[in-house]
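Colleague: predicted model and sequence below, questions to follow.
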Amino acid sequence: MGRDKALLTWPPAGAPGVGEHTFLSSWIRALNPFNDMVIVVAGENFSHLAPVAYANGASIIRNPRPERGQFSSLQTGLNEVLNRGRDAAMITLVDRPPVAAATLQALDEAFAAAIARGLWAVVPEHAGKHGHPIVAGREMIEAFLRAPDTSTAREAEHENQSHIEYVKIDDPFVAMNINTPEDYAQLASLAVPSPK
């Protein structure tokens, strides 16, 4: 992308409400009603993300070894979830636009039903693609934490597929990654105003 994707403007140019927030601030605002805390994991970009996280009511922690990659940030965040006495987490990446409140509500409800049936997590699916946010219970959190630090979240998820429910969601943002300026430019036609 050439710049920090967490700080990309949301909604993007050409969409209603352009420039009001960033991917990071919009995700925090979207997640707040469905979680009792939002924890942002940062690496070398900590000093750039901290003001946004704090201004929007989130906590922020530093991955002590960001050079180990994205999975190490997931493990850092999940350790913090457990250290704060929680046993479930709604997990997302910040290189994607925030999903709709109805999507988060549907995932929250699906997770409650899945846990009651002995499953460990729910993963949204749109047009045959798995996405985010993942809602993980204690067992799935521990599976992520037990995985070697050379793993990926996808590998840990696939190793535990029998414990996961995949939930069909009518929200294209659950499966959308923004990796290039062209990806970002295409968002303008799909964008919706961020949560207030």
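Modeller: That came through fine. This one's a predicted model, so the numbers in the text were calculated from it and none came from an experiment. Numbering: from 1, shown residues only.

Colleague: count the neighbours of the closest residue to residue 129 other than its chain neighbours for me.
Modeller: Nearest residue to residue 129, sequence neighbours excluded (C-beta to C-beta, 6 or more residues apart in numbering): residue 175, at 3.8 Å. From N, CA and C alone the C-beta is placed, and that goes for glycine too. Residue 175 is flanked by 18 other residues according to other C-beta atoms under 10 Å.

Colleague: ditto for residue 92
Modeller: For residue 92, the count of nearby residues is 19 (other C-beta under 10 Å).

Colleague: before we move on, what about residue 148?
Modeller: Residue 148: 8 neighbours (other C-beta under 10 Å).

Colleague: over to it. Which of the three states is it?
Modeller: For residue 148, the assignment made with DSSP: H, G, I helix; E, B strand; the rest coil gives coil.

Colleague: find me the pLDDT at it, would you?
Modeller: Residue 148 is assigned a pLDDT of 90 by the prediction.

Colleague: next: the one 4 residues further on.
Modeller: According to the predicted model, the pLDDT of residue 152 comes to 91.

Colleague: using the three-state scheme, assign the residue nearest to it when sequence neighbours are not counted.
Modeller: Once flanking residues are discounted, residue 152 sits nearest to residue 71: 5.5 Å by C-beta to C-beta, 6+ apart. Assigned by three-state DSSP, the conformation of residue 71 is helix.

Colleague: and the gap between residue 71 and residue 168?
Modeller: 26 Å (C-beta to C-beta, to the nearest Å).

Colleague: the more surrounded of the two?
Modeller: residue 71 (19 against 11).

Colleague: would you map the helices across the protein?
Modeller: Remark: helices assigned in the chain by DSSP state H are 23-31, 46-55, 70-83, 101-116, 138-146, 153-159, 181-186.

Colleague: winner for burial among these?
Modeller: Mean neighbour counts were taken over the helices of the chain using mean count of other C-beta atoms under 10 Å, and the top value, a mean of 24, falls to helix 23-31.

Colleague: residues contacting that helix, please?
Modeller: Helix 23-31 is contacted by residues 5-8, 10, 21, 38, 40, 49, 52-53, 55-58, 90, 92, 94-99, 101, 104, 133, 178, 194-196 when judged by C-beta atoms under 8 Å, 6 or more residues apart in numbering.

Colleague: what angle separates that helix from helix 101-116?
Modeller: 60 degrees (axes from the mean of the first three to the mean of the last three C-alpha atoms, to 10 degrees).

Colleague: centre of the chain versus helix 23-31, how much separation?
Modeller: Taking C-alpha atoms, centre = their mean, to the nearest Å, one finds helix 23-31 lying 9 Å from the centre of the chain it belongs to.

Colleague: what about the residue nearest to residue 152, distance to residue 149?
Modeller: Using C-beta to C-beta, we find residue 71 at a distance of 7 Å from residue 149.

Colleague: also residue 176?
Modeller: For residue 176, the distance to residue 149 - C-beta to C-beta - is 27 Å.
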